[in-house]
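1. for reference, the sequence and a predicted model appear below.
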Amino acid sequence: MRGEVIGINAQIFSQTGGYQGLSFAIPFEVAQRIAAEILATGQVRHGRLGVSVQEMSQTMAEALKLDRPAGALVIEVSKGSAAVQCCRAGGPAER
């Protein structure tokens, strides 16, 4: 067996505060690209959609005539964000 890094833990969701739980990892290639960007520029830039969301509740699902509460509800779109630009480019209509 060869020891190879395939991913790096980025977050751990734990109800106890310990190391047990659900962890989220990023692929090693992504970590290498981020490290190279930090070394070259001193910072890393991440894409941002520009929306705020909240969990879909049973009450909201019923009000929207959905079969069940699933997914997320967009509650705010930031001015000048990629989400607004998408709407202006023929994406979903702004409300």
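-> Nice, thanks for sending it over.

2. I figured Leu66 hits Thr59, correct?
-> No: judged on CB atoms under 8 Å, Leu66 makes no contact with Thr59 at a distance of 11.0 Å. No exception for glycine: its C-beta is placed from N, CA and C like everyone else's.

3. who's more crowded, the two?
-> Shown here are Leu66 and Thr59; by other CB atoms under 10 Å, Leu66 has more neighbours (13 against 9).

4. what sits against the residue nearest to the more buried one when sequence neighbours are not counted?
-> Leaving aside its sequence neighbours, Leu66 sits nearest to Met56 (CB to CB, 6 or more residues apart in numbering; 7.5 Å). By CB atoms under 8 Å, 6 or more residues apart in numbering, the contact list for Met56 reads 66, 69-73.

5. pLDDT averaged over the helix or strand where Phe24 lies - what is it?
-> Per DSSP states H and E: Phe24 is located in strand 22-27. Mean per-residue pLDDT for strand 22-27: 85.

6. which neighbouring elements make contact with it?
-> For strand 22-27, the packing partners by 3 or more CB pairs under 8 Å, 6 or more residues apart in numbering; DSSP states H and E come out as strand 7-13.

7. for the strand it packs on, C-alpha coordinates in CSV please.
-> Only the C-alpha atoms of strand 7-13 are listed here, as CSV (Å, rounded to 0.1, in the frame of the first residue of the first chain):
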residue,chain,number,x,y,z
GLY,A,7,-8.1,14.9,0.2
ILE,A,8,-7.9,17.3,3.1
ASN,A,9,-10.6,17.7,5.8
ALA,A,10,-12.0,21.2,5.5
GLN,A,11,-14.8,20.9,8.1
ILE,A,12,-16.2,18.5,10.6
PHE,A,13,-19.8,18.6,11.6
